[in-house]
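> Everything below, folded, please.
(one chain, ligands or ions: 1)
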Amino acid sequence: MSEIRVRFAPSPTGLLHIGGARTALFNWLYARHFGGKMILRIEDTDTARNTPEAVAIIFKGLRWLGLDWDEGAREDGGADGDRGPYFQSQRLPIYQRYVEQLLAADHAYREADGAVRFRLPRTPGVVKDLICGEITFDRSHEPDPTIFRKDGSPVFHFVNVVDDLEMRITHVIRGEDHLSNTHKHIAMFEALGATPPQYAHIPLILNPGGSKMSKRDEGASIGEYMEQGYLPAAVRNYLCLLGWSPKDNREKISLSEVVEKFDLAQIHRGNARFDLNKLYWLNGEYWKELTPSAYHAYARDYLARRGVNLAAVDDRYLDGALDIVREKIKLGRDLPDWLEPFLDEEFAYDEKSLTVTLKEPQAAARIEKIRAAFGAVADGEWTAAKLEETLKALAVADGVKVGGYVHPCRAGVAGRAVGPSLYHMLEVMGKERVLARLRRTLRKI
Ligand code: GLU
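From the prediction side, this is the model:
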């Protein structure tokens, strides 16, 4: 069998849509499974929408998802591989050459206004799709498609076909929204004397309400996941499940296993239902599995992207704080809030701490006792276990439940009614900081 060559051919729209990302992923999986080539082609002939920012978003999203390509467009406008340029906006002479070929063979004709139309055969258009099966389109009333506009610009259907031919694409794997035009593409291939590639149209992604997922739906853009601090591996895993699944219904599945198992035959015929809860859950599973150093690196990068200034924060202190909040959260977006009490000595007090916990008549006296008892703990003994023992002893001595000391202590050192394990938090904060914070709280109440 000749080499498999697939392509991802996005049009820059200003976002990388989840459907587009899935198309890119399925092409990538297919290429990797068969040891073929993945090509990236930017379909940027729509000059109104073709901005450098919109193109950059595509590259950024693909890189974030970890999808690479063997040939194609590069961020700097150049090309990987020798068949470029892979930006359609730079390929006009190629399209002109092909339209001349169609005109010469009378498969196309020029209208009075200069536009060029393709002579669509009137015979039924048969598409043998690897996913959707064989579909026949009646084209007895279909108008001849325009392939070049009167202003000399080429039309999508034509350039798409020319490029698939020029780039020797063997399999076109794309969204089902292109299925109804595929018979025209096949006719153009034939008119150019070429064998069309095989087609595989992937079912649509529906939002939970059952309608086609649009740009505006929550979760529609890969950029949202980047901003919210989802892990690329989790998003990639989730995208695999939008239309494909291993036979045993597992949901968490490693990329290498998907590469090994992936084939078009297993792609579901029915539409995929988008489920943000499942992605959130899956992210939590990947979150738990991050090694400590991968987690620290991810968190630092995410916080920096969110503008949290970590320059003045001691590295070991930050790692300790990150370790403690980790089990409380499933993704990056919750990090800044959970970390805030660790990072800011001028931390704010939340509503409950201010109006309930620290308003209790005994609050000040208890915090004073905590301060004295913690002050007496030797530096070398400053551990979660020792602090727990110390705090509990105070409660016992007072004849109150331990909560009577835990709550004012937590409010006193962090200003929050809820948070990670108190004793571990105290251990990480260290003696000096804890005592200083308790003093500050005493001054406030
Ligand atoms: N540029 C087209 C799109 O973004 C893709 C066409 C194709 O994959 O053939 O929808």
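
> Outside of the worst-scoring helix or strand of the chain on mean pLDDT itself, which residues are in contact with it?
Least confident element among the helices and strands of the chain, by mean pLDDT, DSSP states H and E: strand 79-80 (a mean of 88). By C-beta atoms under 8 Å, 6 or more residues apart in numbering, the surrounding residues in contact with strand 79-80 are Trp69, Asp70, Glu71, Gly72, Ala73, Arg74, Pro85, Tyr86. No exception for glycine: its C-beta is placed from N, CA and C like everyone else's.

> how about the third one, phi and psi?
Read it as Glu71. Dihedral pair for Glu71: phi -140, psi 150, per degrees, to the nearest 10.

> same thing with the second one?
Main-chain torsions, Asp70, degrees, to the nearest 10: phi -90, psi -30.

> what number of residues lie near the closest residue to it other than its chain neighbours?
Closest residue in space to Asp70, ignoring its immediate chain neighbours: Lys37 at 4.5 Å, by C-beta to C-beta, 6 or more residues apart in numbering. Neighbour count for Lys37, taken as other C-beta atoms under 10 Å: 20.

> shouldn't Lys37 be in contact with Ile4?
Yes - counting by C-beta atoms under 8 Å, Lys37 touches Ile4, with 7.1 Å between them.

> joint contacts of the two?
Ala31.

> circling back: would you mind listing which of the contacts of strand 79-80 are buried?
Buried by 16 or more other C-beta atoms under 10 Å: Trp69, Glu71, Gly72, Ala73, Arg74, Pro85, Tyr86, out of the contacts of strand 79-80.

> Surely Thr23 forms part of a helix?
Yes - the assignment for Thr23 is a helix, going by DSSP: H, G, I helix; E, B strand; the rest coil.

> returning to what we had before: report the two of the buried ones among the contacts of strand 79-80 separated the most.
Using C-beta to C-beta, these span at most 14.5 Å, a distance reached by Trp69 and Pro85.

> Now do the residue of the stretch 51-200 of the chain at minimum distance from the ligand, the pLDDT please.
Of all residues in the stretch 51-200 of the chain, the one sitting closest to the ligand is Arg174 (3.6 Å; C-beta to the nearest ligand atom). Reported pLDDT at Arg174 in the predicted model: 98.

> Confirm it sits in a strand?
Yes - looking at Arg174 with three-state DSSP, it is inside a strand.

> ok, now which ones touch it?
Residues near Arg174 by C-beta under 8 Å, 6+ apart: Ala9, Thr23, Ala200, His201, Ile202.

> isn't the second one right up against Gly175?
The one in question is Thr23. Yes - counting by C-beta under 8 Å, Thr23 touches Gly175, with 5.8 Å between them.

> sorry, back to before: from the buried ones among the contacts of strand 79-80, which is closest to Ala417?
Nearest member of those to Ala417, counting by C-beta to C-beta, is Trp69, at 50.1 Å.

> My read is that that closest one contacts Gly36, right?
No - using C-beta under 8 Å, Trp69 is not in contact with Gly36, being 11.5 Å away.

> List of residues touching stretch 145-157?
Residues from elsewhere that reach stretch 145-157 (C-beta under 8 Å, 6+ apart): 43, 45, 47, 92, 95, 99, 102, 108, 111, 113-118, 120, 158, 181, 184-185, 188.

> Would you work out how far apart the start and end of that stretch are?
Terminal residues of stretch 145-157 lie 9 Å apart, using C-alpha to C-alpha, to the nearest Å.

> Show the average pLDDT along that stretch.
So the average pLDDT for stretch 145-157 ends up being 96.
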